[in-house]
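Novice: got a structure for you, letters missing:
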């Protein structure tokens, strides 16, 4: 019998700027990983039962029809006591996660800042620009319930936001992104090598990099390439740069910049422009300006790839759309619902790509066998891997349809 439990927090890889976590802090993270697994699995199944047995029959009786969209399903489900109970637990788990990570970071903030400075000071691979403002649409809420979001500082020049974000990812994802929580970046490397085995991009732009989880694997996999990781959040960039340097990635520059204006770079400056789980944190106007700028700076023959969760479509059941929409209303992700309701092919055509350049694909996090040793023996996937849906284009190159 296989017991499906998350790996312990002791499996985290502690690089030189990773926060030190006490026994009790690690125990809380272990509880949260197991609790989240239970919420999404055993207890989460109750949402479908509530919908099928109570909510949908009641809706049909009172309206004389089926729900017309995910918002009607949401309104009906929000009146159900089980779903309200489940939602309260799920929201509380995220707040506890942020409290635990923040407590651990603030307890050692002087030491963390000092460690980061050893990797940051005097390096031209960290470029901060105080004139870059936090986009107004991102200052409305604390994304993921993280106090101050990615931009927050306890004092000028600190790394607390990035350190908090890094410390809790392993627990939040139940280890599905590996010991360094860089499974997204590892998936990109695996995908690129499969799709274009002999491809050697010379310049790569990672937009919305935060602390570089997804950019560092690209830099390490393509050591002859120049990787530029940009974000508006200086607090995250400071930590991300120190983290990258500690992991041996020397060919990556972290730069504070709003991707709505990439005028610092010439037309066709990059062979690969990349976003990973970033577009859903943008307003519609910002998303379109960023995609347009990405198209401009992408070289002929270059790759644009956006990893996200799948967009909502007529083929996706309304109940699944509703459940995927939970973060938009309960986890401080205000643009999640609208973004996943877009037709990304249409958005990329609007940005300048032609229809025959576009493709859709999927990417799976590479299983970390140090975290999941049972995978070495070919054991079944029990939550060991994260999945993403990709919206991409090879500029000025006709594709052969959707890639798998």
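Specialist: Sure thing, it's come through. Nothing here was measured: the structure is a model prediction, and the numbers come from that model.
Novice: so what's residue 178 up against?
Specialist: 186, 365-368, 371 (CB atoms under 8 Å, 6 or more residues apart in numbering). C-beta coordinates here come from the backbone N, C-alpha and C atoms, glycine included.
Novice: how about 7 Å then?
Specialist: 186, 365, 368, 371 (CB atoms under 7 Å, 6 or more residues apart in numbering).
Novice: residue 132 now?
Specialist: Taking CB under 7 Å, 6+ apart as the criterion, residue 132 is in contact with 232, 256-258.
Novice: rerun that using 8 Å as the cut-off
Specialist: Applying CB under 8 Å, 6+ apart, the residues near residue 132 are 232, 234, 256-258.
Novice: same question, residue 240
Specialist: 162, 209-212, 229, 231, 254.
Novice: and it, what element?
Specialist: Following DSSP states H and E, one finds residue 240 within helix 234-246.
Novice: what does residue 388 give?
Specialist: strand 387-394.
Novice: compare the contacts of residue 132 and tell me which is most surrounded.
Specialist: Using other CB atoms under 10 Å as the neighbour criterion, residue 234 leads the contacts of residue 132 with 25 neighbours.
Novice: so how far is residue 194 from that residue?
Specialist: Per CB to CB, to the nearest Å, residue 234 is found 36 Å from residue 194.
Novice: quick one: the strands in the chain?
Specialist: Under the criterion DSSP state E, the chain carries strands at the ranges 126-127, 203-207, 226-231, 252-256, 270-276, 298-308, 358-364, 387-394.
Novice: pairing partners for the shortest one, with directions?
Specialist: When sheet partners are counted by DSSP bridges, strand 126-127 sits next to strand 252-256 (parallel).
Novice: what does the partner strand rub up against?
Specialist: Contacts of strand 252-256 with the rest of the structure, by CB under 8 Å, 6+ apart, involve 124-129, 132, 209, 212, 215-216, 219, 226-234, 237, 240-241, 244.
Novice: repeat that for 7 Å
Specialist: Applying CB under 7 Å, 6+ apart, the contact partners of strand 252-256 are 125-129, 132, 212, 215-216, 219, 227-232, 234, 237, 240-241, 244.
Novice: from those residues, list the buried ones, please.
Specialist: Buried residues within the contacts of strand 252-256, counting neighbours by 16 or more other CB atoms under 10 Å: 125-127, 132, 212, 215-216, 219, 227-232, 234, 237, 240-241, 244.
Novice: which residue is nearest the centroid of the chain?
Specialist: Residue closest to the average C-alpha location in the chain (CA atoms, centre = their mean): residue 277, at 3.8 Å.
Novice: so that one makes contact with residue 307?
Specialist: Yes. Counting by CB atoms under 7 Å, residue 277 sits close enough to residue 307 to count as a contact (6.4 Å).
Novice: thinking again about what came up before, between the strands of the chain, which one is closest to residue 142.
Specialist: Ranking the strands of the chain by proximity to residue 142 (CB to CB) places strand 226-231 first, at 16.6 Å.
Novice: I'd like to know which elements that closest one is packed against.
Specialist: Packing partners of strand 226-231 (3 or more CB pairs under 7 Å, 6 or more residues apart in numbering; DSSP states H and E): strand 203-207, helix 215-221, strand 252-256.
Novice: what's the mean pLDDT across that strand?
Specialist: When pLDDT is averaged along strand 226-231, the result is 98.
Novice: which neighbours does that strand have in its sheet, and in what orientation?
Specialist: Sheet pairing of strand 226-231 (DSSP bridges) gives strand 203-207 (parallel), strand 252-256 (parallel).
Novice: so which of these is nearest residue 107?
Specialist: Smallest distance to residue 107 across those (CB to CB): 25.6 Å, for strand 252-256.
Novice: per-residue confidence at the nearest residue in space to residue 260 that is not next to it in sequence?
Specialist: The shortest distance from residue 260 to any non-neighbouring residue, by CB to CB, 6 or more residues apart in numbering, is to residue 289 (4.3 Å). You'll see residue 289 listed with a pLDDT of 98.
Novice: surely residue 289 touches residue 258?
Specialist: No. Look at residue 289 against residue 258 with CB under 7 Å: they stay out of range, at 9.3 Å.
Novice: can you list contacts of the strand holding residue 388?
Specialist: Residues from elsewhere that reach strand 387-394 (CB under 7 Å, 6+ apart): 187, 301, 303-310, 344, 348, 353, 357-364.
Novice: can you check stretch 311-325 too?
Specialist: Under the criterion CB under 7 Å, 6+ apart, residues 47-48, 51, 67, 69-70, 73-74, 77, 309, 336-337, 340-344 lie in contact with stretch 311-325.
Novice: at 8 Å instead, please
Specialist: Residues from elsewhere that reach stretch 311-325 (CB under 8 Å, 6+ apart): 47-48, 51, 67, 69-70, 72-74, 77, 309-310, 336-337, 340-344, 389.
Novice: endpoint to endpoint, it covers what distance?
Specialist: End-to-end distance of stretch 311-325 (CA to CA, to the nearest Å): 11 Å.
Novice: mind listing what's buried in that stretch?
Specialist: Quick answer for stretch 311-325 (16+ other CB under 10 Å): 311-312, 318-319, 321-325.
Novice: okay, those in CSV with pLDDT and distance to residue 63 next?
Specialist: Output for the buried residues of stretch 311-325, formatted as CSV (pLDDT from 0 to 100; distance: CB to CB, whole Å):
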residue, pLDDT, distance to residue 63
311, 95, 27
312, 96, 21
318, 98, 14
319, 98, 16
321, 97, 18
322, 98, 16
323, 97, 21
324, 96, 23
325, 96, 20
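Novice: average pLDDT across stretch 333-344?
Specialist: 95.
Novice: err, stretch 186-205, not the other one
Specialist: Mean per-residue pLDDT for stretch 186-205: 96.
Novice: try stretch 369-377
Specialist: The average pLDDT for stretch 369-377 rounds to 70.
Novice: contacting residues around the residue nearest to the centre of the chain?
Specialist: Applying CB under 8 Å, 6+ apart, the residues near residue 277 are 184, 307-309, 388.
Novice: strands paired with the strand holding residue 388, and their directions?
Specialist: Its sheet considered, strand 387-394 pairs with strand 298-308 (antiparallel), strand 358-364 (antiparallel) by DSSP bridges.
Novice: and those strands: which comes nearest residue 11?
Specialist: strand 358-364 (19.5 Å).
Novice: got the buried residues for that closest one?
Specialist: So for strand 358-364, counting by 16+ other CB under 10 Å, buried means 358-361, 363.
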